[in-house]
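1. can't give you the sequence, but here's the structure:
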């Protein structure tokens, strides 16, 4: 395919290949958004795979860690409502309920009645969850730094700012 579209292998990534195909077959369609969306989708896959691989050493998936790590990062008493977790983790309420059940079954969190809302619950980190988070947070931060390590500090700040703008404009 690289021969057909005239781009050398060492200069070609997944987005370039897709864009080249579109421009060849449907030149009338503006596919410039693919340069960003294609790369973001590929990076999301790559990043999630790396983070799941990192969390495998603790016997969990990244999504479980996200709950435990978020509760730990919230500070004492390491409690949050499900809606606070949902807003922090960018996950649907149904997806969060399922994750909470699984993480609770592993003994890393417990759900308590919310004293301010008779129908609500509070999610609390257990001692076991705290111990896991202390170790996993260090490893997770190292994995994240490795994943963005091809960019210098200034580039990382610029990209973070641009991605934030895209996230906020698409909420």
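-> Here it is on my side, so go on. Predicted model, so just to flag it, every value in this text is computed and none were measured.
2. pLDDT score for the residue positioned nearest the centre of the chain?
-> Most central in the chain under C-alpha atoms, centre = their mean is residue 48, positioned 6.5 Å from the mean C-alpha point. Listed pLDDT for residue 48 reads 95.
3. where does this protein have low pLDDT?
-> Low-confidence segments of the chain, defined by pLDDT under 70, span residues 1-10.
4. now do the SS call for residue 116.
-> coil (DSSP: H, G, I helix; E, B strand; the rest coil).
5. phi, psi for it please.
-> Phi and psi for residue 116, reported as degrees, to the nearest 10, are phi -90, psi -10.
6. and it, how many neighbours?
-> Neighbour count of residue 116, defined by other C-beta atoms under 10 Å: 8. Quick note: C-beta positions are derived from backbone N, CA and C, even for glycine.
7. repeat that for the one 4 residues further on.
-> By other C-beta under 10 Å, 14 other residues sit near residue 120.
8. how about residue 65?
-> Using other C-beta under 10 Å: residue 65 sits among 24 other residues.
9. hmm, it is touching residue 135, no?
-> No: contact criterion C-beta atoms under 8 Å: residue 65 and residue 135 do not qualify, at 10.6 Å.
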